[in-house]
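1. got a predicted structure plus its sequence, pasted below:
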Amino acid sequence: MPGKIILGSIIPLNWMNIVNRVALITGISGQDGFYLTEFLSNKGYDVHGVVLLGQEANCHPQATIHHGDLSDGSNLGAILHSVQPHEVYNLGAQSHVRFSFDIPISTANVTGLGAIRMLESVREHQQQTGREVRFYQASSSEMFGRAEKSPQNEHTPFRPRSPYACAKAFAFWQTVNYREAYNLFACNGILFNHESPKRGEAFVTRKITRAATRIKLGLQERLQLGNLDAKRDWGFAGDYVEAMWLMLQHDQPDDFVIATGETHSVREFLHEVFSYLDLDWEEYVDIDPNLFRPSEIEVLCGDSSKASQSLGWKAGVSFSELARMMTDHDRQLAETEKRMLDAAQSTG
Ligand code: NAP
Ligand code: GDD
């Protein structure tokens, strides 16, 4: 690999290019924020994050924290001016689809208007300083909604089916518009579902791995779920944050679908996890009608061939590996919980 010699050692040129680079991440206390901070820190980036008050403990220890709120926006410009980032990743959102039906207005405010608040701050900062700031918008496969075609790619029309998806579609088009109107280096990553041991416990995969491992150790008896027939294209969050970064290193700003290309039902995920623990899921699961959505997306499946050709990206972790990785992690959590409970019972 070509490189420059510094103090007798060869430093690869691609590494030289990203030393001293600075990234600003909104939503850094979430699942993707954690993996992206780890990924960028390993590349030598100085990573900063916008964090709601009280969420500091969920952030990666490598991140420098700035308190801010996407639903307010007063200090977002000031944060940008103090951090002087080369890249901004807008991951902050009210990201729970079911919950967005209960709080549609605040979802629109944070998930939709939050994106335009960030875009405006970036545009102003770039205009005032003359420095290029590259912008990543966390767009979602939810925007495809009731898609007419499967698998979905960058040309599939959006047909959103939730307040969350409508807010994301708004943010998507604002990002495209800032690229076209102001020449901003702004990209949409249209990411399909991605999971990990850091996934929030209200999302179905993590809800299942937490419950199954607790059931296995006798800490819980039953698991309540909604629609088991829904199918999603599930990948590993650690793979997907690399795609975000690759988009901002591309020579042109563009929009990319990121997915595995495989789709599986909630029922299949249940089977994968429970059978890995030598359990039969049908003995433990109850269907709760309250957990169904007013409007549901039955199937999502992505075609990420554009990302594969232009960015050299492809998913690395399979459905089965993902389910096992999450189950192994949550089994350890359950074992710790059990030990603490046993210790408390034996002393009390
Ligand atoms: P997540 O775990 O829910 O993280 C969302 C982050 O946004 C959290 O850090 C949250 O803070 C923060 N946030 C919420 N309200 C905010 C506000 N008013 N101001 C500033 N920050 C706020 O989501 P994720 O799975 O990491 O996903 C990252 C992004 O990608 C989200 O925009 C999501 O909609 C999008 N996306 C996710 C997937 C997926 O499958 N994971 C797929 C496509 C797109 P708290 O920690 O305080 O809640
Ligand atoms: N959360 C949840 N809880 N979902 C359930 C349950 C349950 O008890 N039972 C069945 N499901 C079904 C939902 O109806 C849905 O069809 C599927 O499981 C997946 O639900 P979630 O894990 O909540 O994810 P999502 O697909 O709605 O949204 C996630 O992926 C989007 C990308 O497609 C979120 O991460 C979004 O932020 C993201 O944009």
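-> Done, it's in. Ligands and ions are numbered 1, 2, ... in the order given.
2. mind giving me the packing neighbours of the helix or strand hosting residue 207?
-> Element membership of residue 207 [criterion: DSSP states H and E] is helix 204-216. Packed against helix 204-216 by the contact rule (3 or more C-beta pairs under 8 Å, 6 or more residues apart in numbering; DSSP states H and E) you find strand 223-225, helix 266-276, helix 319-347. C-beta: built from backbone N, CA, C; applies to glycine.
3. thought residue 23 was touching residue 84?
-> No. Using C-beta atoms under 8 Å, residue 23 makes no contact with residue 84, being 11.0 Å away.
4. which one of the two has more residues nearby?
-> residue 23 (28 against 14; other C-beta atoms under 10 Å).
5. re the thing from before, is ligand 1 contacted by the helix holding residue 207?
-> No. Helix 204-216 lies out of reach of ligand 1 by C-beta under 6 Å from any ligand atom, never closer than 9.3 Å.
6. hey, what's residue 264 bridged with?
-> residue 232 (DSSP bridges).
7. what's the local residue count around it?
-> Residue 264: 19 neighbours (other C-beta under 10 Å).
8. touching, residue 331 and residue 214? I think so.
-> No. With contact defined as C-beta under 8 Å, residue 331 and residue 214 do not form a contacting pair (9.3 Å).
9. mind checking the SS state of residue 138?
-> Put simply, residue 138 is strand when judged by DSSP: H, G, I helix; E, B strand; the rest coil.
10. any idea how far residue 132 is from it?
-> 20 Å (C-beta to C-beta, to the nearest Å).
11. quick one, which of the two is more surrounded?
-> residue 138 (28 against 12).
12. for the more buried one, give the beta-bridge partners.
-> In beta-bridge terms (that is, DSSP bridges), residue 138 pairs with residue 189.
13. what sits against it?
-> Neighbouring residues of residue 138 by C-beta atoms under 8 Å, 6 or more residues apart in numbering: 27, 32, 89-91, 93, 189, 191, 244.
14. now do residue 233
-> If you count contacts by C-beta under 8 Å, 6+ apart, residue 233 has them with 141, 151, 192-193, 259-263, 300-302.
15. can you tell me which of these is closest to ligand 1?
-> residue 193 (4.1 Å; C-beta to the nearest ligand atom).
16. double-check that closest one against residue 301; I have them as touching.
-> No. Using C-beta under 8 Å, residue 193 is not in contact with residue 301; the gap is 10.6 Å.
17. what about the closest residue in space to residue 233 that isn't next to it in sequence, how many residues nearby?
-> Nearest non-adjacent residue to residue 233, counting by C-beta to C-beta, 6 or more residues apart in numbering: residue 192, 4.2 Å away. Using other C-beta under 10 Å, residue 192 has 28 other residues around it.
18. and the gap between residue 192 and residue 86?
-> Taken as C-beta to C-beta, the span from residue 192 to residue 86 is 27 Å.
19. residues near the one residue in the chain that gets nearest to ligand 1, how many?
-> Relative to ligand 1, the nearest point of the chain is residue 30 (2.0 Å; C-beta to the nearest ligand atom). A count of nearby residues for residue 30, using other C-beta under 10 Å, gives 23.
20. report the contact partners of it.
-> Going by C-beta under 8 Å, 6+ apart, residue 30 touches 58, 91-92, 95, 200.
21. please apply the same query to residue 53.
-> residue 67.
22. next, it: secondary structure please.
-> Under three-state DSSP, residue 53 comes out as coil.
23. follow-up on the earlier one: and the helix holding residue 207, is it in reach of ligand 2?
-> Yes. Helix 204-216 lies within reach of ligand 2 by C-beta under 6 Å from any ligand atom, at 204, 207.
24. in CSV, list the C-alpha atoms belonging to that helix.
-> What follows is helix 204-216, C-alpha atoms only, in CSV (Å, rounded to 0.1, in the frame of the first residue of the first chain):
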residue,chain,number,x,y,z
VAL,A,204,-39.0,-6.8,18.5
THR,A,205,-35.7,-8.6,18.1
ARG,A,206,-34.2,-7.4,21.4
LYS,A,207,-37.6,-7.9,23.1
ILE,A,208,-37.4,-11.5,22.0
THR,A,209,-33.8,-12.2,22.9
ARG,A,210,-34.2,-10.5,26.4
ALA,A,211,-37.4,-12.5,27.1
ALA,A,212,-36.2,-15.8,25.8
THR,A,213,-33.0,-15.8,27.8
ARG,A,214,-34.8,-14.7,31.0
ILE,A,215,-37.4,-17.5,30.4
LYS,A,216,-34.5,-20.0,30.0
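25. having no further points to raise, I will conclude here.
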